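K.L.:
Using only what follows, build the 3D model:
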Amino acid sequence: MKYKLHDIVQLKKNHPCRKSEHWEIVRMGVDIKVKCLGCGAVIMFERPDFEKRLKKIIEPAPEPETVSNK
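P.N.:
Numbering: from 1, shown residues only. Below is the predicted model:
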């Protein structure tokens, strides 16, 4: 499954806060950092662990607008 920075995703297990089951990807590298959209808690996963826990992409990140030099 292809995911990128600022995608809204759903993991297999919900966050204990019960306010939201959706997470935003806020950092990508060797580790993936996600933020709960309900309470704002931030959790880091190693990439293989994140890929195992990822259920689906809810909302892909918007494409960046290109700036033209006019």
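K.L.:
Give me the pLDDT value at the residue nearest the centre of the chain.
P.N.:
Note on the chain: the residue nearest the mean C-alpha position is residue 25, at 2.6 Å, using C-alpha atoms, centre = their mean. Looking at residue 25, its pLDDT reads 96.
K.L.:
And residue 68, by the same measure?
P.N.:
Listed pLDDT for residue 68 reads 64.
K.L.:
that older thread, which other helices and strands contact the helix or strand containing the residue nearest to the centre of the chain?
P.N.:
In this assignment (DSSP states H and E), residue 25 forms part of strand 22-28. Applying 3 or more C-beta pairs under 8 Å, 6 or more residues apart in numbering; DSSP states H and E, we find strand 22-28 packed against strand 8-11, strand 31-36. For every residue, glycine as well, the C-beta is placed using N, CA and C.
K.L.:
a markdown table please, covering the ones you listed and showing mean pLDDT and mean neighbour count.
P.N.:
Listed next are the helices and strands packed on strand 22-28 as a markdown table, based on pLDDT from 0 to 100; neighbours: other C-beta atoms under 10 Å:
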| stretch | mean pLDDT | mean neighbour count |
| --- | --- | --- |
| strand 8-11 | 94 | 18 |
| strand 31-36 | 96 | 19 |
